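> Give the three-dimensional model of this entry:
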Amino acid sequence: MAFDVLAGSVGALAGIIATYAALRPRAGRTLSAPPAPARSAHDERAADDDRAARLVAALPFAAFLVDERARVRVFNNAAAVLFTVDPEWAIGRAMIEVIPSVELERMIGHALIGETRTGDIVFGSGTRERFVGVTAQPYDHGAMAIAADRTSSLAAERMRSDFVGNVSHELRTPLSAMKIMLDTVMVSDEDAQARTLFLPQIAAELERMIRLVEDLLELARSESGTMRLRRERFELRDVAAATANAFAKRAGDAGVALTVDAAPAVLVDADRERLTQIAFNLVDNALRHTPRGGRVVIEVRRERGAAVLAVRDNGAGIPFADLPRVFERFYVVDRSRSREHGGTGLGLAIAKHLAEVHGGTLTAASVYGHGATFTLRLASADGDEQGLRST
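Down below sits the predicted model:
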């Protein structure tokens, strides 16, 4: 949005600078003052450049001017920071030398022949890729351009778009299935077999939709910063034991060994219910990705002054390319498997936010084909012994 406003007003900005440059030489003259000595075109150009430079330098966003040969006339400090360029070194050099971008050079070229161009230019690649929005417009025998880093805003925009799309998909799919099954039952209302077959499936889809809505509300609360924690001092192994008991039947039915390896006296000052929710989400995720005959271990330990709860499994693991994204909302490595086991794709995102609300961290590690480990780290509450304060 900020870049759109800047891009929309660059023409007005260029006009203001041009008007100021034209009026400035007359400032301070009176009717009785003697005429100023004639100045050469070169002197006039230098004076204009100086005035333009002072105006552009005062702008809070990246801006620069080039002459008719696309050589830099003015390069403000905001542009120097954005493009990591020494502004004094840039003056007088070709634009392509200062900012090595063919796309930018092409935009400047269009501006030099009287055309305005606006667009995003990509710098870098991979995780260091940046998107810089640029507007270039003709200005005083040359061109003027403004720029803004749009990497974060574009990423946020993509996240919002993906979020809406994923929510729509996750709700539309069960609703469509439920409608088909209900239509079938209603058409064949005398068919007991149809009711026996479809009604449990409708109930299961409805339950999954309820879980999805509850997860969305939980995620909204944790991300909004308004969640209030009911802190108390307790042993972290209590959370591990409660989680193992809650999942014992499901693990047994799935043929997965679920065990607890918890050291005593690992104390935390935290919201017991929220930490249990983190552990539940981690174990739920582990069981969904561990085959029959596998194992899941809930481990509690003290590590370098921190209280640690880790959930390890020897399941399929997480591909290296997917590992950085496992905490993203709705990001599911194996969507078909997740749907089969009732996953919403929000459990890990919720767990990470709850960890951060406590001032802790939640990380993932995996070797594909050899299982995964999710590790929650919190400040230990036995600060006197470990040299830490209670959180």
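
> I'd like to know the average pLDDT value across stretch 184-192.
Mean pLDDT, stretch 184-192: 73.

> can you check stretch 284-291 too?
Confidence over stretch 284-291 (mean pLDDT, whole number) is 92.

> can you check stretch 327-336 too?
Mean pLDDT, computed over stretch 327-336, is 66.

> Let the chain start at 18 from now.
OK, 18 is where the count begins now, so the last one is stretch 344-353.

> Confirm that residue 197 sits in a helix.
Yes. Residue 197: assigned to a helix according to DSSP: H, G, I helix; E, B strand; the rest coil.

> how much space between residue 108 and residue 292?
Distance of residue 108 to residue 292, given as Cβ to Cβ, to the nearest Å: 58 Å. Heads up, the C-betas are built off the backbone N, CA and C, glycines and all.

> Neighbour count: the two, which is higher?
Each of residue 108 and residue 292 had its neighbours counted (other Cβ atoms under 10 Å), and the higher figure belongs to residue 292 (28 against 16).

> residue ranges for the strands of this structure, please.
With DSSP state E as the definition, the chain shows strands at residue ranges 79-84, 89-92, 134-140, 147-155, 159-166, 248-252, 274-279, 284-288, 312-320, 323-330, 378-383, 389-396.

> and the angle from the first one to strand 159-166?
Interaxial angle of strand 79-84 relative to strand 159-166 (axes from the mean of the first three to the mean of the last three Cα atoms, to 10 degrees): 160 degrees.

> Adjacent strands (with direction) for strand 79-84?
Partners of strand 79-84 in the sheet, by DSSP bridges, are strand 89-92 (antiparallel), strand 159-166 (antiparallel).

> average pLDDT for that strand?
91.

> which residues touch that strand?
For strand 79-84, the surrounding residues in contact (Cβ atoms under 8 Å, 6 or more residues apart in numbering) are 30, 69, 73, 89-93, 95-96, 98-100, 107, 112, 125, 129, 156-165.

> could you flag which of these are buried?
With burial judged by 16 or more other Cβ atoms under 10 Å, the buried subset of the contacts of strand 79-84 is 30, 69, 73, 89-93, 95-96, 99-100, 107, 112, 125, 129, 156-157, 159-165.

> List the contacts of residue 141.
Contacts of residue 141 (Cβ under 8 Å, 6+ apart): residue 147.

> phi, psi of it?
phi 80, psi -170 (degrees, to the nearest 10).

> Please enumerate the helices of the stretch 268-408 of the chain.
Applying DSSP state H, counting those that start in this stretch to the stretch 268-408 of the chain gives helices spanning 289-305, 352-357, 364-374, 400-403.

> ranking those helices by mean pLDDT, which is last?
helix 400-403 (a mean of 45).

> Can you give me the domain boundaries for the protein?
For the chain, automatic domain parsing gives the domain ranges 19-44+54-166, 175-244, 247-408.

> which one of those domains is the most hemmed in?
Burial of the domains of the chain is given as mean neighbour count (mean count of other Cβ atoms under 10 Å); domain 247-408 ranks first at a mean of 18.

> Return the residues in contact with residue 136.
Here residue 136 is in contact with 120, 124, 150-151 (Cβ under 8 Å, 6+ apart).

> Just send the residues you listed back as a markdown table, with distance to residue 394 and pLDDT too.
Shown next, in a markdown table, are the contacts of residue 136 (distance: Cβ to Cβ, whole Å; pLDDT from 0 to 100):
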| residue | distance to residue 394 | pLDDT |
| --- | --- | --- |
| 120 | 44 | 91 |
| 124 | 47 | 93 |
| 150 | 38 | 91 |
| 151 | 42 | 91 |
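
> Make TSV from these and add distance to residue 202 to it.
Formatted as TSV, these follow (distance: Cβ to Cβ, whole Å):
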residue	distance to residue 202
120	59
124	61
150	54
151	59
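
> Which single one of those is nearest to residue 200?
Among the contacts of residue 136, residue 150 lies closest to residue 200 (Cβ to Cβ), at 49.5 Å.

> Please look at that closest one and residue 169 and confirm they touch.
No. Judged on Cβ atoms under 8 Å, residue 150 makes no contact with residue 169 at a distance of 11.8 Å.

> low-confidence ranges in the stretch 168-317 of the chain?
173, 176-187, 190, 206-207, 232, 236, 238-243 (pLDDT under 70).

> ok, now with 50
Within the stretch 168-317 of the chain, not a single segment meets pLDDT under 50.
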